[in-house]
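Student: Predicted coordinates and the sequence they were generated for:
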Amino acid sequence: MTPLVLASGNAGKLREFADLLAPMGWQVHPQSEFAVPEAEETGLTFVENALIKARNAARHTGSPALADDSGIEVDALKGAPGVFSARYAGPHATDEENNAQLLRALAEVPEAQRSARYWCVLTFLRHADDPTPVIVQASWEGRVLMAPEGEGGFGYDPLFWVPERQMSAAALDKAEKNKISHRGRASALLLAELKTRFS
Ligand SMILES: O=c1nc[nH]c2c1ncn2[C@H]1C[C@H](O)[C@@H](COP(=O)(O)OP(=O)(O)OP(=O)(O)O)O1
Ligand SMILES: [Mg+2]
């Protein structure tokens, strides 16, 4: 069977996708296994960046590729950091640096005005020149906490309060996060669309 290349270098995403894509019954390999060079994320939208990443991986491997472009949109910051979430504190920022940057930006903002949501766009390309990629997206509503809470997850999860569970995303267990998150719901949409189109 042709392997599917997962066009991401983010260990947190890769862990979540291991479970989320299991129902696909497809052999999924992270792009690191093929030494795919990192693509420059020059898009202004999640869709553009996800296409750039999937195309780059498909081009370098000759295999179908799936990419995830995601981030957090904070209302009090007019949607920032958005597509720049991974680079919020600088071009090679760590999760801790990005979280510290977000807390600084929101230092004067009270709890009631800290609404935010995660976005996740997934793109699937059969090959690098695929003119009809599968594109799905989903969001997840929450709020930015005043201080980090919880030990799990990755990225902004310690700062992301999940109203429907009354805990931070980092305090959710991983199956629970996958059930309700932006990535979990985008993955469900992707699997449904792949089934309709290709079976
Ligand atoms: O469920 C999540 N829980 C916490 N944080 C999250 C989540 N989902 C996205 N995020 C944050 C991480 C990063 O700051 C940015 C994604 O940036 P994004 O460019 O899509 O990913 P990345 O550069 O880490 O890896 P790659 O591009 O190789 O997939 O949003
Ligand atoms: Mg990235």
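Tutor: It's in. Ligands and ions are numbered 1, 2, ... in the order given.
Student: since we're on residue 115, how many residues are nearby?
Tutor: 16 (other CB atoms under 10 Å). Glycine gets a C-beta too; all of them are placed from N, C-alpha and C.
Student: Give the burial count for the nearest residue to it once chain neighbours are set aside, as a bare number.
Tutor: Excluding the flanking residues, the one nearest residue 115 by CB to CB, 6 or more residues apart in numbering is residue 75, at 4.7 Å. Each residue near residue 75 was counted by other CB under 10 Å, and the total is 15.
Student: Residue numbering should commence at 18 henceforth.
Tutor: In the new count, where the first residue is 18, that last one comes out as residue 92.
Student: Which of the three states applies to residue 146?
Tutor: coil (DSSP: H, G, I helix; E, B strand; the rest coil).
Student: give me phi/psi at it?
Tutor: Residue 146 adopts backbone torsions of phi -100, psi 20, taken as degrees, to the nearest 10.
Student: neighbours around it, how many?
Tutor: Residues contacting residue 146 under the criterion other CB under 10 Å number 9.
Student: And residue 18, what's its pLDDT?
Tutor: With respect to pLDDT, residue 18 scores 66.
Student: oh sorry, the question was meant for residue 43
Tutor: 87.
Student: Next up, the contacts around the residue nearest to residue 132.
Tutor: If you count contacts by CB atoms under 8 Å, 6 or more residues apart in numbering, residue 92 has them with 130, 132, 133.
Student: do the same with residue 31
Tutor: 23, 25, 47.
Student: ditto for residue 169
Tutor: Contacts of residue 169 by CB under 8 Å, 6+ apart are 187, 188, 189, 190, 191, 194.
Student: can you do 10 Å?
Tutor: 29, 175, 185, 186, 187, 188, 189, 190, 191, 193, 194 (CB atoms under 10 Å, 6 or more residues apart in numbering).
Student: And the residue nearest the centre of this structure?
Tutor: The chain has residue 87 as the residue nearest its centroid, 3.6 Å off, counting by CA atoms, centre = their mean.
Student: just curious, which of the contacts of residue 92 is nearest to residue 56?
Tutor: Top of the list for closeness to residue 56, among the contacts of residue 92 and by CB to CB, is residue 133 at 26.4 Å.
Student: what number of residues lie near the closest one?
Tutor: Per other CB under 10 Å, the neighbour tally for residue 133 reads 22.
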